[in-house]
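1. Just the structure for this:
(2 chains)
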Number of protein chains: 2
Amino acid sequence: MEAERTLHAEELTRLGELAAQLRVDAIRSSTRAGSGHPTSSLSAADLLAVLISRHLRYHWTDPRGRTNDHLIFSKGHASPLLYAVFKAVGAITDQELVETYRQFGSRLQGHPTPALPWVDVATGSLGQGLPVGVGIALAGRYLDHLPFHVWALCGDSEMAEGSIWEALDKAGHYGLRNLTAIVDVNRFGQRGPTELEWDLDTYRRRVEAFGCQALVIDGHDLAAIDEALSRARQATGPTVVLARTVKGKGVPEVEDQPGWHGKPLKPDMAERAVEALGGVRQIRVTGPRPEPAPPAGAPAGKPPVLPRYDKGAKVATRNAYGDALHALGARPEVVALDGEVSDSTRADKFGEAYPDRFFEMFISEQQLIAAAVGLQVRGYRPFAATFAAFFSRAYDFVRMAGISKADIALSGSHSGVEIGADGPSQMGLEDLAAMRAVQGSTVLYPSDAVSCAALVAQMVDRKGVTYLRTTRGKYPVLYDNEDAFPVGGSKLLRGGGDDDDVALIGAGVTVHNCLAAADELAREGIKARVIDLYSIKPLDRDRLVDAVRATGGRLLVVEDHYPEGGLGSAVLESLADLAEPARVKHLAVRGLPTSGTPTQLMDQAGIGVSAIVAAARASEPPSR
Amino acid sequence: MEAERTLHAEELTRLGELAAQLRVDAIRSSTRAGSGHPTSSLSAADLLAVLISRHLRYHWTDPRGRTNDHLIFSKGHASPLLYAVFKAVGAITDQELVETYRQFGSRLQGHPTPALPWVDVATGSLGQGLPVGVGIALAGRYLDHLPFHVWALCGDSEMAEGSIWEALDKAGHYGLRNLTAIVDVNRFGQRGPTELEWDLDTYRRRVEAFGCQALVIDGHDLAAIDEALSRARQATGPTVVLARTVKGKGVPEVEDQPGWHGKPLKPDMAERAVEALGGVRQIRVTGPRPEPAPPAGAPAGKPPVLPRYDKGAKVATRNAYGDALHALGARPEVVALDGEVSDSTRADKFGEAYPDRFFEMFISEQQLIAAAVGLQVRGYRPFAATFAAFFSRAYDFVRMAGISKADIALSGSHSGVEIGADGPSQMGLEDLAAMRAVQGSTVLYPSDAVSCAALVAQMVDRKGVTYLRTTRGKYPVLYDNEDAFPVGGSKLLRGGGDDDDVALIGAGVTVHNCLAAADELAREGIKARVIDLYSIKPLDRDRLVDAVRATGGRLLVVEDHYPEGGLGSAVLESLADLAEPARVKHLAVRGLPTSGTPTQLMDQAGIGVSAIVAAARASEPPSR
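-> Numbers count the residues shown, from 1 in each chain, chains lettered A, B, ... in the order given. Got it, this is the predicted structure:
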């Protein structure tokens, strides 16, 4: 075995030439673009030359191949190196590399995105690629049972992100021997030296304490790299290769110099550097190929049988989430993830029925989202759940999932002041604003168990980030099990005639308050239309426009959320350009909540029944 | 010295009695409330009994005392224990404890908040108390030079949060010998066993690898606790006491049992437990007192002299942020924090001038915010800066800062597609939505250097979370140095007569696009009013109402942000209930951006000059 790992002189020369080409190309593309991160690419060129030549098992013409390894640039700013790799393996042409990098309309963007078929996820927000790699490796080890390996190139600066340690902790916990992080320890961040510079021993102790094998090497020693990557592939657990490197390696003018982060070489410098590196090459490397994929024999599973509820029975929507997710388990591609609160989010029902497809992430919400993103890279349909408030812990990961166009389903329980005595730290009160603002997202907020289950069933096939908000308490089932709840739809629960006086618009728990208010208003002779806007993004604009026309523009929106960016804003954005004028009263949580009962807190916030009644009474049409 | 640490039998008895009282009171309050986390309190009762009796130096009648130690319940759900401590030291009465815990209107909320004078910050989102403690300890060691100590009680579940490791890393890096984390390793989380259960040795290796002293003890051995806390106080670096404890300790029915997280004992169980623990006590403990505070002799500093800019000169607002922050450095309470991008955010100018008040947090945005929150606990005025996009990494910390009513100033640079070639991962496009939705926040987005500097000057005295959004590129200075830019105000840049045809409303970079569009529209005979809405929260509603009246309700809002929850929503929310009808066209970034030049990307997003001109031309009044 050992002999196989020792490189012949000829192979060393070949690898050196390839590394030089990667350096040259990283310089050429970034200098031509006038921006980019060549020095961060130069430090890792030797690592990548060895990886792609001898270890990464990948069919470049078949990026969807099920046994391909995965290559993730967690240090996404080293995109000049990644794209130079793509040229070296023949995936893109030299012309595309040099002429289009960072140009408008090019798929070779400043940081990698899945606009490129060989890129699994967008990176560029540091500390995210490795956690996503954990998710991919979880799929490989526990679901696919395929021999692919996940290779994540990390920067040393990003080792300061807590998310990296969440990832290594989970890699160790789950024994992900199919995962290798390669850390390019070039000792420089953006503005100067990193915290640990070249203190490889401290990195080693940290990595080992977090349950991973650490291999400390000289990141410019091709034979040492080769041996480390061989050992990583054969390891019995996750490996972190800690490679001591020199930023700007290969270009003496910038080697190990501060002030060169994110700066292309000037054209004359670039010319000198390219010449010193031996000029432009067109080496085409053919690395190892993956094993043939076994037949994709996953059984189709049974059609899910959704739970049914009795109208009027009191059921929490979080329970309906658990029931529906459990039902969706009939589809083998559905997997679930927990942030150590599955007894609250009710994801535990799935976990008990399908323990092989249930991943406990403990209290690490960033890794929770990242693992979901990684699982969907492998074609699974992940459902991740925690308290609505605690998705805020992973907001950057959700943001990046949007940019990756990752298909993930998120369920946030314990939303709003409705949760009661636990107080504001546990209340999701900004989640609708945050989730709506995610690129390509869907935001759902059902009021009852039937609609919740129907929406969960649609989440499984929804594109992009889909967020479901559930409620802690039990409220009456409002709908028939046969009712349809299309995403983008809404429901009319009271009124609907052209003589309605006012439209009460709620979602989730406030729908129930609106209904009670409508009943009270009816006793006063005020006809209130009640709309359940269970789909907050996309929104049922037609329903709102009709309400404006019928009521002469008297709308009242009620939400258990801070006033900014939530349901009220969604309604207003939707009607902004409507010709017919509307006056929208907006009841929301305007102060800082405290502890109390749900009713006390909703009343205090002015979103309870009496506040709705009072606001509806005072509702006036727009002036004309 | 050793002799002093050894407890006499009499003292051990006293401590045991106090611990029993803390347990009894935690049981009584939570059972009476019908909710809460007694078992998570019972495990840490011995730790707290020793801490408050013999180590925590605190004047309970003078919670603002400058030499008081700080006590932070990072595991905020153990509030029954914290409030039992408050009773034991005489800060609250037994009646308040037992009768008001978790009740509506009580300051004894489900999780601690600064509504209580002895609580520095709200906790309850796990993994945040310790990072905030790092900020307080930074202040003690590097700014106050006072001998107070910071004690953070952590749960073992929260050790899975990356933020804990960001905190310990920084504690080690900054040699915070005035910081001790006490980890209550009771091996149970909410839904079951923690990841590491009682693997104290793994915790120890991790803690040590992150640069802290680890002391592993039996958390129910009073003498061992006492010795560990003595050693912690005398340590030369940060200490983590890893205390092996039993969840529910003292109540055999629930000791070390799953299924008892967050559940009060039933009244009959509670009665038995209280009796077995020796019944209700009214022990009053007097712990050590802090040293007298030296005279608060900090010089008042000089009045800041704000930078001045030449009208028409091209200056990036991020540069103006750096200039103004540098000027504010004349006030000694102003401190700055960097997320390893100070050369981009321009915070480096402050760092060079005031290195003693500049804290490098490297790439750990959660710790960046937490340190700011901790510094403001000690009366400093922290300014923390990173890319606008990367505050999303710390959104839960910003959310909790809002609940804590922490006075922190945040500056997010590189907002919007305007940043150009780096691509979407680096673009803040959801920051306005997220930051607006934070309780009590202020959101500012200046268009030029003069207004930016003027706003930065106001941030220093602003209450709550204040967020400033800056722009990467250079744009002309629009205002005179003498102009005023009150928070909540706006500026009229074109038009203003009753015959304006349309109002173009922008903020930041889009103000410049609106101005160019207005000029072009003027050539076509269309009178466009241009409003610079530099204060997004609070918003200048009067200015908007006037624009509605003057233009017959023809408004056009243009923003470099996703369409949801940003400037457009702020305008719409503000005008929702206006009697006079308005039609608001809303130009925002509706697709997923790519790389390109700022102009290419703004044009692609439909927020460039030509899109504004076209939309303004097509603008129609509401029907009447």
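2. How far does stretch A:331-348 sit from its chain's centre?
-> On the basis of Cα atoms, centre = their mean, to the nearest Å, stretch A:331-348 sits 17 Å off its chain's mean C-alpha point.
3. where does the stretch 251-400 of chain A come near chain B, residue by residue?
-> Where proximity means Cβ under 8 Å from any Cβ of the partner chain, the interface of the stretch 251-400 of chain A facing chain B comprises A:338, A:340-344, A:348, A:362-367, A:389-390, A:392-393, A:395-396, A:399-400. All C-beta atoms are positioned from the backbone trio N, CA, C, and that covers glycine.
4. Try it again at 10 Å.
-> Residues of the stretch 251-400 of chain A lying close to chain B (Cβ under 10 Å from any Cβ of the partner chain) are A:259, A:261-262, A:338-345, A:347-348, A:351, A:360-367, A:387, A:389-400.
5. Okay, now the unreliable bits of chain A?
-> Within chain A, the stretches falling below the threshold (pLDDT under 70) are A:1-5, A:297-299, A:624.
6. ok, and for the lengthiest helix in chain A, which residues are buried?
-> Among the elements of type helix in chain A, defined by DSSP state H, the one spanning the most residues is helix A:9-33. Buried residues in helix A:9-33, counted by 16 or more other Cβ atoms under 10 Å in any protein chain shown: A:11, A:14-15, A:18-33.
7. In contact with the residue nearest to A:Gly312 when sequence neighbours are not counted, which residues?
-> In space, A:Gly312 comes closest to A:Pro476 once its chain neighbours are excluded; the distance is 5.3 Å by Cβ to Cβ, 6 or more residues apart in numbering or on different chains. With contact set as Cβ atoms under 10 Å, 6 or more residues apart in numbering or on different chains, A:Pro476 has these partners: A:309-315, A:447-449, A:512, A:515.
8. quick one on the thing from earlier: are any of the residues of the stretch 251-400 of chain A next to chain B buried, and which?
-> Among these, the ones that count as buried by 16+ other Cβ under 10 Å are A:261-262, A:338-345, A:347-348, A:351, A:360-367, A:387, A:389-400.
9. now, which of the residues you listed lie within helices?
-> Of those, the ones assigned to helices by DSSP H are A:342-345, A:348, A:351, A:365-367, A:395-400.
10. Does stretch A:201-221 reach chain B?
-> Yes. Counting by Cβ under 10 Å from any Cβ, contacts between stretch A:201-221 and chain B involve A:201-211.
11. which of those residues count as buried?
-> Applying 16+ other Cβ under 10 Å to the residues of stretch A:201-221 next to chain B flags A:202-211 as buried.
12. all helices for the stretch 251-400 of chain A, in order.
-> Defined through DSSP state H, counting those that start in this stretch, the helices belonging to the stretch 251-400 of chain A, from first to last, are A:267-276, A:317-328, A:342-345, A:348-353, A:365-377, A:395-403.
13. ok now the longest one, how far from the chain's centre?
-> Pointing back at helix A:365-377 there. Helix A:365-377 has its C-alpha centroid displaced from the chain centroid by 6 Å (Cα atoms, centre = their mean).
14. Stretch A:16-29 now?
-> 32 Å.
15. Any residue of it touching chain B?
-> No. With Cβ under 10 Å from any Cβ as the measure, stretch A:16-29 is seen stopping short of chain B, the closest distance being 11.8 Å.
16. Alpha carbons of that stretch, as CSV, please.
-> Output for stretch A:16-29, consisting of C-alpha atoms alone and laid out as CSV, is shown next (Å, rounded to 0.1, in the frame of the first residue of the first chain):
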residue,chain,number,x,y,z
GLY,A,16,3.9,20.5,-10.5
GLU,A,17,3.1,21.5,-14.0
LEU,A,18,-0.6,21.2,-13.3
ALA,A,19,-0.3,23.3,-10.2
ALA,A,20,1.6,25.9,-12.2
GLN,A,21,-1.2,25.9,-14.7
LEU,A,22,-3.8,26.4,-12.0
ARG,A,23,-1.8,29.3,-10.6
VAL,A,24,-1.3,30.9,-14.0
ASP,A,25,-5.0,30.6,-14.9
ALA,A,26,-6.1,32.0,-11.5
ILE,A,27,-3.9,35.0,-12.1
ARG,A,28,-5.0,35.4,-15.7
SER,A,29,-8.7,35.3,-15.0
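17. Leaving out chain neighbours, which residue sits closest to A:Gly374?
-> Using Cβ to Cβ, 6+ apart and skipping residues adjacent in sequence, the residue nearest A:Gly374 is A:Gly135, 1.9 Å away.
18. same deal with A:Thr113?
-> If you skip the residues right next to it in sequence, A:Thr113 has A:Ala122 as its closest partner in space, 4.4 Å away by Cβ to Cβ, 6+ apart.
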